[in-house]
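In: the amino acid sequence is not available; the structure is as follows:
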Ligand code: C5P
């Protein structure tokens, strides 16, 4: 790891979407470029943290100096995150699919002559909530994201309570903002006591600022 204020700390970051199979060739997924999560992992590593990035399929290159674990499904993401513990800080930036097909087909579903398939869904594990609720190896600082299209602060604040995490990075992802797949992000950091409104910045800058904020938290 690099020299820096987070030297000796371990960081875990989730990024990207998950892919939940319907059959061997089809899947359910969320929209996620992985840009923000990858930028956070890179920034934490630059500040000296021994960083593991657990990521779903993305087009992003592996960040320098980061241990990258590639997974496809939410269940695999959870397993890889638990395997990466203990960690001082966990940042969950992945867009995890909320549901998966209860029993994915072993063979490609055929459209010829079969009528329409019915997909029975079941709930995926919530990785942020699971990490937040760990008894013996809970990261000292757990950070989640809240993508909101309205009442951003209000919804993100209740999400923080619901998930049991320490901080929430709330971002406005109404279609007009171009956040998804784009390079800029307007975020608010909700730490519990207060709300920090950050200026609109590139996802790389938001990653640097969040990493610096995390370093300051551990230095305090
Ligand atoms: O509930 P919602 O998906 O809006 O919450 C977003 C936050 O929860 C993000 O930090 C995301 O990475 C995390 N999350 C998770 N596992 C899930 C769903 C969301 O870690 N199954």
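Out: Noted; the coordinates are in hand. Since we're looking at a predicted model, the values are computed, not measured.
In: tell me the residues of the chain that contact the ligand?
Out: Taking Cβ under 6 Å from any ligand atom as the test, the list of the chain residues beside the ligand reads 14, 74, 92-94, 96, 98, 124, 126-128, 144-146, 159. Yep, even glycine has a C-beta here, placed from its N, CA and C like the rest.
In: most surrounded residue in those?
Out: Using other Cβ atoms under 10 Å as the neighbour test, the residues of the chain next to the ligand are led by residue 14, with 33 neighbours.
In: quick one on the thing from earlier: the residues of the chain next to the ligand in strands, which ones?
Out: In this view, the residues of the chain next to the ligand that belong to strands under DSSP state E are 14, 92, 144-146.
In: what residue is smack in the middle of this protein?
Out: Relative to the mean C-alpha position of the chain, the nearest C-alpha, by Cα atoms, centre = their mean, is the one of residue 93, at 2.0 Å.
In: that residue and residue 200, how far apart?
Out: Shown here: residue 93 relative to residue 200, a distance of 18 Å by Cβ to Cβ, to the nearest Å.
In: the bottom helix or strand of this protein by mean pLDDT?
Out: Every helix and strand in the chain was compared by mean pLDDT, DSSP states H and E; the lowest is strand 184-185, with a mean of 84.
In: what about the longest helix in the chain?
Out: Looking only at the chain and at elements set by DSSP state H, the helix with the highest residue count is helix 203-219.
In: contact partners of it?
Out: Taking Cβ atoms under 8 Å, 6 or more residues apart in numbering as the criterion, the residues outside helix 203-219 that touch it are 4-6, 9, 11, 35-36, 39-44, 46-47, 49, 88-89, 91, 140-141, 143, 169, 183-185, 187, 189, 198, 201.
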